[in-house]
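K.L.:
Structure for this input, please:
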Amino acid sequence: MPFGLAVLRIGVYALWPFGYTTLERRDAGAPSCVGNVLWLVLAGWWLALAHIVTGVAMCLTIIGIPFGIVNFKPIPVSLLPPGREIVPTDQPFATR
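P.N.:
Next up is the predicted model:
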């Protein structure tokens, strides 16, 4: 259950990445650090690798280049999701 919000965050960001960016929360604390280590070992590495492979595969065609570039955007949030926040790109500093 602790990673449920992280998985939901990744899913929403992967579903609609246009117009949003991720920010690192400075007030996340030690539980976020422990969660990041566990996530990286258990699932994060494989999710980030899948985004890299599919992004490169999409960039092989001219039509797929924009989708390939957008497929690289979720790599940081899929690699270490605890302690990250998804915000609109027009307000990246409003939540700090």
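
K.L.:
Now do the same contact list for the spatially most central residue of the chain.
P.N.:
Residue closest to the average C-alpha location in the chain (CA atoms, centre = their mean): residue 77, at 2.1 Å. Going by CB atoms under 8 Å, 6 or more residues apart in numbering, residue 77 touches 9, 10, 13, 22, 84, 86. No exception for glycine: its C-beta is placed from N, CA and C like everyone else's.

K.L.:
cool, residue 12 as well?
P.N.:
Shown in contact with residue 12 (CB under 8 Å, 6+ apart): residue 86.

K.L.:
Which pLDDT value does the model give it?
P.N.:
With respect to pLDDT, residue 12 has a value of 80.

K.L.:
Ok, residue 62 next?
P.N.:
For residue 62, the pLDDT comes out at 93.

K.L.:
Pull the number of nearby residues for it.
P.N.:
Residues within reach of residue 62, counting by other CB atoms under 10 Å, total 7.

K.L.:
A helix includes it, no?
P.N.:
No - Residue 62 is assigned coil when assessed by DSSP: H, G, I helix; E, B strand; the rest coil, not a helix.

K.L.:
show me where pLDDT drops low in the protein?
P.N.:
1-2, 91-96 (pLDDT under 70).

K.L.:
could you pull out the helices for it?
P.N.:
Counting by DSSP state H, the chain has helices at residues 4-15, 30-39, 45-58, 65-72, 75-79.

K.L.:
For residue 90, which of those helices is the nearest?
P.N.:
Counting by CB to CB, residue 90 lies closest to helix 4-15 out of the helices of the chain; the figure is 16.4 Å.

K.L.:
and the nearest residue to residue 20 once chain neighbours are set aside, how many neighbours?
P.N.:
If the residues on either side of it in the chain are set aside, residue 20 comes closest to residue 86, at 5.3 Å by CB to CB, 6 or more residues apart in numbering. By other CB under 10 Å, the residues close to residue 86 number 18.

K.L.:
ok, so what distance separates residue 86 from residue 59?
P.N.:
Using CB to CB, to the nearest Å, residue 86 is found at 24 Å from residue 59.

K.L.:
quick revisit: got the helices of the chain as JSON lines, with distance to residue 90 columns?
P.N.:
Output for those, formatted as JSON lines (distance: least, CB to CB, whole Å):
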{"stretch": "helix 4-15", "distance to residue 90": "16"}
{"stretch": "helix 30-39", "distance to residue 90": "26"}
{"stretch": "helix 45-58", "distance to residue 90": "24"}
{"stretch": "helix 65-72", "distance to residue 90": "17"}
{"stretch": "helix 75-79", "distance to residue 90": "19"}
